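Colleague: test case, fold it:
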Amino acid sequence: MGHTKFGQSGIELLFVMGIMTTIFVIIMLISYQAQMDTAALSADFEAHRICYELAFRISTVDAAGNGTSASLGLPEKIAGSNYTVFFSGASRRISILHANGVAGCPLPTSSIANGTGAGAAGNFYIHGDMPLRNIGQGVVIG
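Modeller: Residues are numbered from 1 along each chain as shown. You can find the predicted model right below:
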């Protein structure tokens, strides 16, 4: 009888350990997923912040009048990843394509062009530390 009791205790202990290990693994997976969701949300928030800051800088140069200039000063990365900034002239929107998705914002300035002559109806990429200049008829980027 004593041997059966010890054998039964060993099986029960293994069963309890297995249940505890399973619960621990489930908690770790949930924690990891929450961490990934938080990182993605943080990157998306940062992309939106950069988008609105860029729109504000362009609008400020436009409102300040002829001869005003500034620098974009875009950060190199968003949450450790590269990103692309795109201006759509027809919809007057700035879009930021980053590792976790796309962030966009409206650009209230109607007269904007890049240094190659793509005007308000054109589309072009914005990058790095491109200069902003108000040339009287609008803002030129690049």
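Colleague: dihedrals phi and psi, residue 101?
Modeller: Phi and psi for residue 101, reported as degrees, to the nearest 10, are phi 150, psi -150.
Colleague: look up how far residue 95 lies from it.
Modeller: Using C-beta to C-beta, to the nearest Å, residue 101 is found at 11 Å from residue 95. For glycine as for every other residue, the C-beta is placed from the backbone atoms N, C-alpha and C.
Colleague: which one of the two is surrounded by more residues?
Modeller: residue 95 (17 against 11; other C-beta atoms under 10 Å).
Colleague: what's the one helix or strand that one maps to packed up against?
Modeller: Assessed by DSSP states H and E, residue 95 sits inside strand 93-98. On a contact count with 3 or more C-beta pairs under 8 Å, 6 or more residues apart in numbering; DSSP states H and E, strand 93-98 meets helix 2-64, strand 84-88, strand 101-106.
Colleague: what packs against the worst-scoring helix or strand of the chain on mean pLDDT?
Modeller: Lowest on mean pLDDT, DSSP states H and E among the helices and strands of the chain sits strand 112-114, with a mean of 76. In terms of contacts (3+ C-beta pairs under 8 Å, 6+ apart), strand 112-114 is packed against strand 139-141.
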